[in-house]
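S.K.: Have a look; sequence and predicted model below, questions after that.
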Amino acid sequence: FSDVVKKGCEDRMTATQVKAAVKSAVKDDDRRRAVMVFGLEESANEVVQEKVKDVLKVSCSTARLLVKDCHRVGAVRTGYARPVKATFHSNETAALALKCGKNLRGTCFSGVYISPDRTREEREERKGLVSQLREKIWNDPGQYHYISNGAVCSRERGPTPSPPTPASTSMPPSSASIPPSSPRTSLNPATA
């Protein structure tokens, strides 16, 4: 929007161009206040907003996120759960919901994912990046690969922890596990 206004100062803009710039800015603001929730089971006569509130309670247990609006997106297909678009009152709340989305791992909502609401162009760009990421992971599994700022990045993996030894994972030794040839010593000096 600011680019269009700057350009408008240099050249005369038509009313249609101004309307298009304002409309684009409003759509961008609306997208920043919304997230997409994938993998949420779909059922007949469901209350989508309650399901999303339950997901947010689990992911952001310390924060109370107020959802302004929720609805399923796309055509109904059997065996497929449509994504849910959840809109918040502010973009800060949506950013917090995105940040807390990682907390769903290992919970009853481990198959549910929260992502930003993207335009068609952004989705296509992201799809290409994920494809590149998968290819890098396949070709170079020794590196840690990730997407950052619209690019696929790689770095060395940190040191991997050594596997636990049987002694460290088992119960403390009992008298049956002490070999008969080793002398028994007491740790208590009073009995030694």
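M.R.: Everything's here; your move. Residues are numbered from 1 along each chain as shown.
S.K.: Can you name the next helix or strand after the longest helix anywhere in the chain?
M.R.: Of all the segments of type helix in the chain, defined by DSSP state H, the longest one is helix 120-139. Counting by DSSP states H and E, the next helix or strand C-terminal to helix 120-139 is strand 143-148.
S.K.: Other residues contacting that next one?
M.R.: Under the contact criterion C-beta atoms under 8 Å, 6 or more residues apart in numbering, strand 143-148 has outside partners 126, 129-130, 133, 136-137, 152-158. Glycine gets a C-beta too; all of them are placed from N, C-alpha and C.
S.K.: By neighbours, which of these wins?
M.R.: Val152 (18 neighbours; other C-beta atoms under 10 Å).
S.K.: per-residue confidence at Ala20?
M.R.: On pLDDT, Ala20 comes in at 79.
S.K.: same thing with Val130?
M.R.: pLDDT for Val130: 94.
S.K.: Repeat that for Ala190.
M.R.: The confidence metric pLDDT takes the value 46 at Ala190.
S.K.: what about Lys27, how many neighbours?
M.R.: Neighbours of Lys27 under the rule other C-beta under 10 Å: 11.
S.K.: And Ala34, by the same measure?
M.R.: Other residues within reach of Ala34, judged by other C-beta under 10 Å, total 19.
S.K.: can you tell me how far it sits from Ala95?
M.R.: Using C-beta to C-beta, to the nearest Å, Ala34 is found at 11 Å from Ala95.
S.K.: Check the gap between Arg82 and Arg123 for me.
M.R.: Note on Arg82: its distance to Arg123, by C-beta to C-beta, is 15 Å.
S.K.: out of the two, which sits in the more crowded spot?
M.R.: Legend: neighbour count by other C-beta under 10 Å for Arg82 and Arg123, higher for Arg82 (16 against 13).
S.K.: circling back: output the contacting helices and strands for the longest helix of the chain.
M.R.: strand 143-148, strand 151-156 (3 or more C-beta pairs under 8 Å, 6 or more residues apart in numbering; DSSP states H and E).
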